[in-house]
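>>> okay, predicted coordinates and the sequence, questions at the end:
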Amino acid sequence: MTPLMEMGPATIGGSLAEQQASVSAARRLVARIGRDNVIRILTFIGLMLLWEGLSRVVRRIIFTSPARALDAFTEMVRDGSLLEAWQETLFVLVTALTIASILGVTLGILLGRYRTVSDLFEPELNAVFMTPRIALLPIITLWLGFGDPAKILVVFLFSFFDIFFTVRNGVRTIDAEYVEVSRAYCVSERTMLLKVVLPASIPFVITGLRLGLLHGMVGVVLAGFFLENNGIGGLVFEFAANFKVPFLFASLLTVMLVGVTMNQSLRWLERRVAPWRAEAML
Amino acid sequence: MTAVAASRPRPNLLRPRVSRVRVVQLLGLAGFLTLWEVLGSPQAYLWSTPTRVARDFWILFTERNGLTLVFNTVSSLIVGLSIALPAGVLIGTLLGRFRTFGVMFEPYFAAFYSVPRVAFVPLMVVWFGIGREFIVAAVVAAVTIMIVFSTAAGVRETRRVYTEVATSLRITGWAFFAKVLVPGSIPYIATGTRLGVQRGLVAVIVGEFLIGLPGIGRMLRESRVEMFTDRMYTTAFVAMLVGIGLILLTGVLERRFSRWRPQVF
């Protein structure tokens, strides 16, 4: 879309030949986008046919066809089990992410700004960051049991560090660029934090939130496996344990759908807020 | 603090500051352990204590089979990686090199990237049974996609930066692939691998935890079933050591392969 719009001014100012050239360039672009969509649709149809074909070859007990997965999905929507599971999962996810983002952003900005304090806790923070968080699960069970508080702590531990480290490292790169200039203008520390560091760190905050959300999804699914078997993780776990493969496929597809939606919308926000960083990370 | 450091001549200040930080960090760690020991011992069934963890750690690795369990976990991870790495590099190169391939499949890869891959571990059990195979499959599922996207990014970036130079030097075709594209993408692949190893380790532990195959995951499972507090803390400590070890190792490899360029991402 953007390349087409960028052509606007050139066409107005240019000669007839240039106009024709850019019009045909635009046509080629439209043709290319059209061709891409045709390819995408054909690929989708091809993959669905492949899935259907595989489901006729592979044993029925471990594989399923698109139609049966869709049936399972509609059944779960109708009896409300899917909605109930996602309500539970989203409650845990949102609560934990709220706590993780408040703490992660605040600590990230402060520790990014005040290096000495950060150095002090560096070994402990890195140690927990490098520990596979799942290994803390038995201890969390010991402290908080199997219910929602334990789940919220699990998700918090998964998402906090992604948010914290992204923001902290981001703030450190800002430091070098803007702080010297602000200092040259004798800006007070309070103004520096609120008017320089905070706005400049917003892109990192959004990237951190996106990474924290993706990792938090891992946490919430694992919490459903190993703590109370409810939520979407519990659903996946129970369908697998009972070999209800169409239902397993359908619930995994909803996990994909939610993951993609969340990731894409935060990526969109990231591009809006900081277009120059759009390609920086996935 | 940083401002003070910046305004003075650097060489005088830098060295003592680094060692002072280390000293303070060590003091902080010692304080943390002492506090844990003192506050933990009245309710050791809930908090354990550093000395109890140390004793259990010693027992685990001398009298019990701790080393075998760690070996099982790490070897499953390495087997999975040895499949995921070539597969990820191949798919990533296709994705970065051929636009049409990207148009066809990138949405599906992007979808798979956004999803928590540990959710697929139970499906792997259904498909591959409860042997080691399902853990390897879970690692492949968890890690490949991380390598796919970092390789694709590397290939795209290398082509963008070096195509003109290479063409003007008449380096095209196979020579371009072998002499420019591959070495240019390796730092990206190394970064993807480092991120992938962390996720892969989680996948292995989750698999062992679910099914009870011998490894770090089974230690977690057993300590939880037996309500063996010290063992829970010991296992977390072992998992931490393995995690740190793997990250340091992949970090060394990453630096080794990207030594010729100062910064990657």
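Ah, there it is. Numbers count the residues shown, from 1 in each chain, chains lettered A, B, ... in the order given.

>>> leaving out sequence neighbours, find the closest residue to residue A:77.
Leaving aside its chain neighbours, residue A:77 sits nearest to residue A:83 (7.2 Å; criterion: Cβ to Cβ, 6 or more residues apart in numbering or on different chains). To be clear about C-beta, it is placed using only N, CA and C from the backbone, and glycine gets the same treatment.

>>> which strand or helix spans the one you found?
Taking DSSP states H and E as the definition, residue A:83 sits inside helix A:81-113.

>>> the next helix or strand after that helix and chain B, any residue contact?
As assigned by DSSP H and E, the chain's next helix or strand after helix A:81-113 is helix A:115-130. Yes: contact of helix A:115-130 with chain B (Cβ under 8 Å from any Cβ of the partner chain) involves A:115-116, A:119-124, A:127-128, A:130.

>>> those residues, buried ones only, as a PyMOL selection?
Buried subset of those, written as a PyMOL selection, criterion 16 or more other Cβ atoms under 10 Å in any protein chain shown:
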select buried, chain A and resi 115+119+120+128+130
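
>>> pull the contacting residues for the closest residue to residue B:39 other than its chain neighbours.
Leaving aside its sequence neighbours, residue B:39 sits nearest to residue B:47 (Cβ to Cβ, 6+ apart; 7.0 Å). Contact analysis of residue B:47 by Cβ atoms under 8 Å, 6 or more residues apart in numbering or on different chains lists B:36, B:39-40, B:229.

>>> and the longest helix anywhere in chain B, what does it pack onto?
Longest helix in chain B, counting residues (DSSP state H): helix B:132-168. Applying 3 or more Cβ pairs under 8 Å, 6 or more residues apart in numbering or on different chains; DSSP states H and E, one finds that helix B:132-168 contacts helix B:66-97, helix B:99-114, helix B:121-128, helix B:182-211.

>>> ranking those helices by burial, who's on top?
Ranked by mean neighbour count, those are led by helix B:182-211 with a mean of 24 (mean count of other Cβ atoms under 10 Å in any protein chain shown).

>>> chain center to that one: distance?
Relative to its chain's centre, helix B:182-211 lies at 5 Å (Cα atoms, centre = their mean, to the nearest Å).

>>> so which elements touch that helix?
helix A:202-226, helix B:66-97, helix B:121-128, helix B:132-168, helix B:216-225, helix B:229-257.

>>> put the alpha carbons of the third one into CSV.
What that stands for is helix B:121-128. Extracted C-alpha coordinates of helix B:121-128, given in CSV (Å, rounded to 0.1, in the frame of the first residue of the first chain):
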residue,chain,number,x,y,z
VAL,B,121,4.6,-31.6,23.8
PRO,B,122,1.5,-33.7,24.6
LEU,B,123,0.8,-34.0,20.9
MET,B,124,4.3,-35.3,20.4
VAL,B,125,3.6,-37.9,23.1
VAL,B,126,0.5,-39.0,21.2
TRP,B,127,2.6,-39.2,17.9
PHE,B,128,5.9,-40.7,19.1
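
>>> please, where are all the helices along the stretch 151-282 of chain A?
Ranges of helices in the stretch 151-282 of chain A, per DSSP state H, counting those that start in this stretch, are A:180-184, A:189-191, A:198-200, A:202-226, A:231-241, A:245-273.

>>> residue B:216: which of these is closest?
Of all the helices of the stretch 151-282 of chain A, helix A:202-226 sits nearest to residue B:216, with 14.1 Å by Cβ to Cβ.

>>> residues touching the residue in the stretch 51-200 of chain B that chain A sits nearest to, list them.
Going by Cβ to the nearest Cβ, chain A is nearest to residue B:122 of the stretch 51-200 of chain B, at 3.2 Å. Contact partners of residue B:122, counting by Cβ under 8 Å, 6+ apart, are A:225, A:236-237, A:239-241, A:248, B:210.
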